[in-house]
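Asks: Predicted structure and sequence below. I'll ask about it afterward.
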Amino acid sequence: MRVTILAVGRLKAGPEALLTADWLGRFDAAGRALGLGPARMIEVEDRRGRGADAEAALLLDKAPDGPLVALDERGAALDSPGFARRLAAFRDEGARDLGFAIGGADGHGAGLRDRADLLLSFGPMVWPHMLARAMLAEQLYRAATILGGGPYHRA
């Protein structure tokens, strides 16, 4: 199952970009035997500054066919094993593609939240959307190691 991270804004060179690339590379390697990956990132930018609904339209235009998970502070807060189970369920239900949407500073527009198959929260705190990419990439890798029975996750 291919994974696409759809994100508002451009990730500049720096620690967030390095972390995101590292974790996505690890996910690709760990997930290959499990039918997970590869992962790719698609970035969009509303240069006209029209807000969350316009950004949502840009993200939806690039979303792959298949389930869509929107990172949203109002979403479900899963633990890592729960996230791994949900990822496996999408795969086992026959999804060939899975999208994750990370909104801009104003979050997601209603159209994207309505289209999402799952709203996922990294907790009640608000995280910078550039850091959320690295956090999501790490959780994808962690999920692959959990599903593969590897030693990375110790809880």
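Replies: All right, it came through fine.
Asks: List the buried residues for stretch 18-36?
Replies: 19-20, 23-24, 26-28, 30-31, 34, 36 (16 or more other Cβ atoms under 10 Å). For the C-beta atoms, the positions are set from N, CA and C on the backbone; glycine is no exception.
Asks: what's the answer for stretch 34-45, then?
Replies: 34, 36-37, 39, 41-44.
Asks: would you list the residues you listed in a markdown table and tack on pLDDT, secondary structure and distance to residue 2?
Replies: Output for the buried residues of stretch 34-45, formatted as a markdown table (pLDDT from 0 to 100; DSSP: H, G, I helix; E, B strand; the rest coil; distance: Cβ to Cβ, whole Å):
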| residue | pLDDT | secondary structure | distance to residue 2 |
| --- | --- | --- | --- |
| 34 | 97 | helix | 13 |
| 36 | 97 | coil | 9 |
| 37 | 92 | coil | 7 |
| 39 | 97 | strand | 8 |
| 41 | 95 | strand | 12 |
| 42 | 96 | strand | 12 |
| 43 | 94 | strand | 17 |
| 44 | 93 | strand | 18 |
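Asks: Can you list the helices and strands that the helix or strand residue 90 falls within packs against?
Replies: Secondary structure assignment for residue 90, by DSSP states H and E: helix 80-92. If contacts are counted by 3 or more Cβ pairs under 8 Å, 6 or more residues apart in numbering; DSSP states H and E, helix 80-92 sits against strand 97-102, helix 129-147.
Asks: cutoff 10 Å now
Replies: Contacts defined by 3 or more Cβ pairs under 10 Å, 6 or more residues apart in numbering; DSSP states H and E place helix 80-92 against strand 2-8, strand 68-76, strand 97-102, strand 118-120, helix 129-147.
Asks: hmm, who's touching it?
Replies: The contact list for helix 80-92 (Cβ atoms under 10 Å, 6 or more residues apart in numbering) reads 1, 3, 31, 34-36, 66-67, 69, 76-79, 95-98, 117-118, 120, 136, 138-140, 142-148, 152-153, 155.
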